[in-house]
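> next come a sequence and a model predicted from it.
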Amino acid sequence: DMMLAGPPMMSLDPKVFANPLEADFDRAIPINPSFGFGPHRCAGTSVSRSLLAILLEELLTRIPDFELSKKDPPVVTHGVNIVYEKLMLEWPHAR
């Protein structure tokens, strides 16, 4: 039998993280498999990270106060990566 342990499970290893189930936003993550790793690392990693940082900075400047929609909850697909197929946000007003 084959077992697939997806990359998101890497952060739950108690040998790497003292309290893997505790939310710790200052935790240092020794490896981030989002763009692959080793010989399979994505060549566009640096560009992708820069674009994502710019996107978040611009979005949070324009819509600083938002929350997940209470009427339309997120739809998540699990697999090798955890993917939000739908993530509806609500905010009081946009600038």
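Sure, I can see it.
> so where's the protein shaky on pLDDT?
4-8, 31-32, 79-81, 94-95 (pLDDT under 70).
> and if we set it to 80?
Across the chain, the ranges flagged by pLDDT under 80 are 1-12, 29-41, 78-82, 93-95.
> for Ser69, see how far away Leu12 is.
28 Å (CB to CB, to the nearest Å). For every residue, glycine as well, the C-beta is placed using N, CA and C.
> helices of this protein, start to end?
45-62 (DSSP state H).
> all strands of it, in order?
Secondary structure of the chain (DSSP state E): strands at 67-68, 75-77, 83-86, 89-90.
> any chance of those strands in a markdown table, plus distance to Ile29 and mean neighbour count?
Shown next, in a markdown table, are the strands of the chain (distance: least, CB to CB, whole Å; neighbours: other CB atoms under 10 Å):
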| stretch | distance to Ile29 | mean neighbour count |
| --- | --- | --- |
| strand 67-68 | 24 | 10 |
| strand 75-77 | 21 | 11 |
| strand 83-86 | 19 | 10 |
| strand 89-90 | 25 | 12 |
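> I'm done for today, thanks for sticking with me.
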